[in-house]
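>>> quick one: sequence and predicted model below, then my questions.
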Amino acid sequence: EPEIRKKKQESKIHFELAINAFFSGEKERAHKLFEEIFEKNRYDMAAFYYMQKCKIAQSFSINEI
């Protein structure tokens with residue numbers, strides 16, 4: 001769909017920042033960025049997927065032990 005494609009293009013830079021944060025171990029920051037992306041585009045399943053991975057990673061954080 002053109003509208004979905006447009007929204008993904010608009011969030012591309014934020015998605016890349018979120019991916020970099022995720023793989024740098026900044027799960028909380030990544031989660032926030034993915035959440036913002038998903039709120040603007042509920043059809044962005046990649047953002048949703050990584051948002052869930054961040055939640056799981058945070059729940060197993062060593063800082064909580």
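Looks like it arrived, so ask away.

>>> need the contact partners of the strand or helix carrying Ile56.
If you go by DSSP states H and E, Ile56 is part of helix 45-59. The list of residues contacting helix 45-59 from outside it, by Cβ atoms under 8 Å, 6 or more residues apart in numbering, reads 11, 15, 18-19, 22, 27-28, 30-31, 34-35, 37-38, 41. For every residue, glycine as well, the C-beta is placed using N, CA and C.

>>> let's see if you can find the most crowded of the residues you listed.
Phe34 (28 neighbours; other Cβ atoms under 10 Å).

>>> excluding chain neighbours, what is closest to that one?
In this structure, Phe34 finds its nearest non-sequential neighbour in Met51, 3.9 Å apart by Cβ to Cβ, 6 or more residues apart in numbering.

>>> what's the neighbour count on the one you found?
21.

>>> try Lys7
17.

>>> on that earlier part again, which of the contacts of helix 45-59 lies closest to Pro2?
Asn41 (13.0 Å; Cβ to Cβ).

>>> and the most centrally placed residue in the chain, what element?
By Cα atoms, centre = their mean, the chain has its centre lying nearest to Phe34, at 2.3 Å. Element membership for Phe34 (DSSP H and E) is helix 27-40.

>>> what sits up against that helix?
Residues contacting helix 27-40 (Cβ under 8 Å, 6+ apart): 7, 10-11, 14-15, 17-19, 21-22, 44, 47-48, 50-51, 54-55, 57-58, 61.

>>> which among the contacts of helix 45-59 gets closest to Glu3?
Nearest member of those to Glu3, counting by Cβ to Cβ, is Asn41, at 9.1 Å.
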